[in-house]
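[1] Let's see this in three dimensions:
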Amino acid sequence: MSSVAPPRLHHIAITVTDVDASIPWYENVFGVRYRMDAPHPGGVGKLLATDTMDLIIVLHRHDANDGGLFAETATGLDHAGFMVPTRADLQAWQDHLEGNGVTRAVTANEPLTQSPIADEPYGSILVFRDPDNIQLEFFAPAAH
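    Coordinates of the predicted model:
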């Protein structure tokens, strides 16, 4: 691998059919608690985390969800997020991804595309897609 910083898992995001029913179940099973809404086009994510933020689970509701239950034989991952230390590391990852066939685009909405880095109050995010169009993210926390 090149000189990019090695990523580590930041959070797991799961699409559920009833987010309000799922929140207490995840809180009880994993010892996380609801922290905040993360709105997105066509729905909302509900961020749950431990007090130390070392386990983060985001439960997503999508308006277009047909209500069907997950089956392990079907594609089912919303996205996986990996943390890197700084925004500069995200910039290095852009080049590394491009070197591996992941082209830069206005949005990462097709296989093997990557979005521009989005700077949010809580950190910076680089979204990209694998060959099967599964969404992946690299996240760098905000410098405070």
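[2] for the chain, what spans make up the strands?
    With DSSP state E applied, the chain shows strands at 8-15, 33-40, 43-49, 56-62, 79-83, 103-104, 113-114, 118-120, 123-129, 135-141, listed in chain order.
[3] can you list the weak-confidence ranges in this protein?
    For the chain, residues meeting the criterion pLDDT under 70 lie at 1, 70-76, 144.
[4] let's go with 80 and repeat that
    1-2, 69-78, 132, 134, 144 (pLDDT under 80).
[5] beta partners of the residue most central in space within it?
    Residue closest to the mean C-alpha point of the chain, counted by Cα atoms, centre = their mean, is residue 81 at 4.1 Å. As for beta bridges, residue 81 partners with residue 11, residue 137 under DSSP bridges.
[6] Can you report how many residues lie near the closest residue in space to residue 138 that isn't next to it in sequence?
    Using Cβ to Cβ, 6 or more residues apart in numbering and skipping the chain neighbours, the partner closest in space to residue 138 is residue 126 (4.5 Å). Using the backbone N, CA and C atoms, a C-beta is placed for each residue, glycine as well. Neighbour count of residue 126, defined by other Cβ atoms under 10 Å: 24.
[7] The one 10 residues further on now?
    Number of residues near residue 136 (other Cβ under 10 Å) recorded here: 19.
[8] what about the closest residue to residue 134 other than its chain neighbours, how many neighbours?
    Closest residue to residue 134 apart from its sequence neighbours, by Cβ to Cβ, 6+ apart: residue 77 at 5.7 Å. By the criterion of other Cβ under 10 Å, residue 77 has 15 neighbours.
[9] Show the contacting residues for residue 90.
    The contact partners of residue 90, by Cβ atoms under 8 Å, 6 or more residues apart in numbering, come to 84, 117, 124, 125, 126, 138, 140.
[10] before we move on, back to that, surely the residue nearest to residue 134 meets residue 133?
    No: under the contact definition of Cβ atoms under 8 Å, residue 77 does not touch residue 133, with a separation of 10.6 Å.
[11] ok, so what distance separates residue 23 from residue 112?
    34 Å (Cβ to Cβ, to the nearest Å).
[12] circling back to that earlier point, would you mind giving the strands of the chain as JSON lines with distance to residue 97 added?
    As requested, those are arranged in JSON lines below (distance: least, Cβ to Cβ, whole Å):
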{"stretch": "strand 8-15", "distance to residue 97": "17"}
{"stretch": "strand 33-40", "distance to residue 97": "22"}
{"stretch": "strand 43-49", "distance to residue 97": "23"}
{"stretch": "strand 56-62", "distance to residue 97": "22"}
{"stretch": "strand 79-83", "distance to residue 97": "12"}
{"stretch": "strand 103-104", "distance to residue 97": "9"}
{"stretch": "strand 113-114", "distance to residue 97": "5"}
{"stretch": "strand 118-120", "distance to residue 97": "15"}
{"stretch": "strand 123-129", "distance to residue 97": "6"}
{"stretch": "strand 135-141", "distance to residue 97": "9"}
